[in-house]
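In: Structure here, sequence nowhere to be found:
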Ligand code: SF4
């Protein structure tokens, strides 16, 4: 089974993406990636953090060279999709991004893939800076 092939599989809900992208083949199509993108636990809360981080990092690598990364990501953001890595973003990242976006850029349409793409880049930079700052305030013995 595919992860979220935008041509068939879980990602096909969006006819819009299918229409505009039907000549592009998603990297996750037909590769048996479902567990990689969604995890292999019936109750997702049971997935150990380190396992989840490793899985999501690998899934993001698959997305990073996918020709459909922008439509896939904006689709998941518009749908406020709760599960799976879509367009290189985890569910937690999408939630955080949407909170930030709704606070600072509520007038940018989620249908505007290019602007959303730039906002995601901006958010990632801020997010990384915040993480680095938080890590640097952790006492050395916990590193
Ligand atoms: S961006 Fe990732 S999840 Fe979306 S279609 Fe491409 S490989 Fe699949």
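Out: Arrived safely. What you see is a predicted model; the values in this text were computed from it and never measured.
In: for the chain, which spans come out with low pLDDT?
Out: 1-22, 135, 137-143 (pLDDT under 70).
In: what's the closest non-adjacent residue to the spatially most central residue of it?
Out: Centre of the chain computed as the mean C-alpha position; nearest residue by CA atoms, centre = their mean is residue 89, 1.7 Å away. Distances taken as CB to CB, 6 or more residues apart in numbering place residue 73 nearest to residue 89, at 5.8 Å, with adjacent residues excluded. To be clear about C-beta, it is placed using only N, CA and C from the backbone, and glycine gets the same treatment.
In: follow-up on the earlier one: the residue nearest to the centre of the chain and the ligand, how far apart?
Out: 9 Å (CB to the nearest ligand atom, to the nearest Å).
In: So that residue is in contact with residue 76, correct?
Out: Yes. Residue 89 is within contact range of residue 76, at 7.0 Å (criterion: CB atoms under 8 Å).
In: any common contacting residues for those two?
Out: When CB atoms under 8 Å, 6 or more residues apart in numbering defines a contact, no residue borders residue 89 and residue 76 alike.
In: circling back to that earlier point, does the residue nearest to residue 89 sit in a helix or strand, and which one?
Out: According to DSSP states H and E, residue 73 maps onto helix 69-79.
In: what separates the residue nearest to the centre of the chain from residue 30, distance-wise?
Out: 22 Å (CB to CB, to the nearest Å).
In: next one: residue 108
Out: On the measure of CB to CB, residue 108 and residue 30 end up 34 Å apart.
In: got it, and residue 46?
Out: 28 Å.
In: More neighbours: which of the two?
Out: Taking neighbours as other CB atoms under 10 Å, residue 46 and residue 30 compare with residue 30 leading, 14 against 9.
In: Quick check: phi and psi at the residue nearest to the centre of the chain.
Out: phi -120, psi 140 (degrees, to the nearest 10).
In: which residues touch it?
Out: Neighbours of residue 89 in contact, by CB under 8 Å, 6+ apart: 60, 73, 76, 77, 97, 120.
In: Write the ChimeraX selection for whichever of those are buried.
Out: Selecting the buried subset of those in ChimeraX, with 16 or more other CB atoms under 10 Å as the burial test, is done by:
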select :60,73,76,77,97,120
